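Peer 1: Please work out how this folds:
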Amino acid sequence: MTGPPARRRSGGCGCVGTLVTIVLAIVGIGAAAWWYDIAIAAPWSHGDGPRLTRAWIGTVRTPSGKVGTLALDVHRYAFGGPRRFVYQAGRVAIRADARLCGLTPSVDAVTMYGTANQSASDVSLRARVPDRAGAGLTVRVLRGAWRGDTLELATVLVRAGHAPYRADDPDENERIDIMLRPADGAAFDAACTGVP
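Peer 2: Numbers count the residues shown, from 1 in each chain. I've put the predicted structure just below:
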């Protein structure tokens with residue numbers, strides 16, 4: 001008579017091996033995604049050389065001669081903003097914290113979302129319009145190109161907040177070209193000191 005079959009001892013439940021495999025897979029996928037972003041999708045957002053993702057400042061001149069200062073702090077993002085910008089084929093989502101002085105009674109600060117292509121030769125940003133009244137002119141859409149040491153953008157000035165369109169204002173709804181250069185927040189503060 002034979003007894004019950006002998007139990008084979010397994011080397012444990014395999015939980016540690018499975019956990020290590022999962023961790024290695026996550027690290028591998030993360031490294032591949034990072035490499036893809038650096039080498040293919042957004043090379044302009046990495047490294048020590050010229051980058052689109054940095055702080056920029058430029059002068060805004062209206063057709064009637066008013067002068068303002070625009071500062072942009074551009075960031076690459078994948079989460080936390082409008083999804084319509086994150087998943088556009090051949091484009092990478094960006095966010096810019098924009099500040100404008102000189103064309104409004106106080107500093108107008110808005111968050112802009114948009115995209116850039118692989119070379120950042122096509123950059124597009126759109127502001128989330130704050131739900132508040134405003135006075136003066138401001139920027140709501142920016143479109144242009146990154147050239148390494150400059151960011152060349154075009155915009156059309158509109159009334160701040162939800163103010164109605166004024167046909168008698170020569171600066172409203174007129175195209176304006178803006179050349180921005182790398183800078184920091186102190187440069188914006190210095191340019192806006194004493195400017196209404």
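Peer 1: Going by C-alpha atoms from here, please, whenever you check contacts or count neighbours.
Peer 2: Will do.
Peer 1: Please name the nearest non-neighbouring residue to residue 121.
Peer 2: Nearest non-adjacent residue to residue 121, counting by C-alpha to C-alpha, 6 or more residues apart in numbering: residue 145, 4.4 Å away.
Peer 1: Residues in contact with stretch 35-44: which ones?
Peer 2: The contact list for stretch 35-44, computed with C-alpha atoms under 8 Å, 6 or more residues apart in numbering, reads 45-46, 50-53, 90-92, 117-120.
Peer 1: What mean pLDDT does whichever strand or helix holds residue 70 get?
Peer 2: Using DSSP states H and E, the element containing residue 70 is strand 67-76. For strand 67-76, mean pLDDT is 92.
Peer 1: name the helices or strands packed onto it?
Peer 2: Counting contacts by 3 or more C-alpha pairs under 8 Å, 6 or more residues apart in numbering; DSSP states H and E, strand 67-76 packs against strand 55-61, strand 91-101, helix 185-192.
Peer 1: That strand: which residues count as buried?
Peer 2: 68-76 (16 or more other C-alpha atoms under 10 Å).
Peer 1: again with stretch 177-187
Peer 2: 177-183.
Peer 1: Stretch 145-152 too?
Peer 2: Using 16+ other C-alpha under 10 Å as the test for burial, stretch 145-152 gives 145-146, 148, 150-152.
Peer 1: Inside strands: which ones of these?
Peer 2: Among the buried residues of stretch 145-152, the members found in strands (DSSP state E) are 145-146, 151-152.
Peer 1: Save the residues you listed as TSV, and put in distance to residue 139 and pLDDT too.
Peer 2: Shown next, in TSV, are these (distance: C-alpha to C-alpha, whole Å; pLDDT from 0 to 100):
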residue	distance to residue 139	pLDDT
145	17	96
146	18	95
151	16	96
152	15	97
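Peer 1: doesn't residue 117 make contact with the residue nearest to residue 121?
Peer 2: No - using C-alpha atoms under 8 Å, residue 145 and residue 117 do not qualify as a contacting pair, with a distance of 9.6 Å.
Peer 1: What separation do you get for residue 145 and residue 128?
Peer 2: As judged by C-alpha to C-alpha, to the nearest Å, residue 145 and residue 128 stand 21 Å apart.
Peer 1: what's the neighbour count on residue 60?
Peer 2: Look at residue 60: counted by other C-alpha atoms under 10 Å, it has 24 neighbours.
Peer 1: now do the one 3 residues further on
Peer 2: The burial metric for residue 63, expressed as a neighbour count using other C-alpha under 10 Å, is 13.
Peer 1: Now it: closest residue in space that isn't a chain neighbour?
Peer 2: Once flanking residues are discounted, residue 63 sits nearest to residue 171: 5.7 Å by C-alpha to C-alpha, 6+ apart.
Peer 1: what residues are up against that neighbour?
Peer 2: Taking C-alpha under 8 Å, 6+ apart as the test, what residue 171 contacts is 62-64, 157.
Peer 1: and if you look at residue 180?
Peer 2: Contacts of residue 180 by C-alpha under 8 Å, 6+ apart are 56-59, 150-153.
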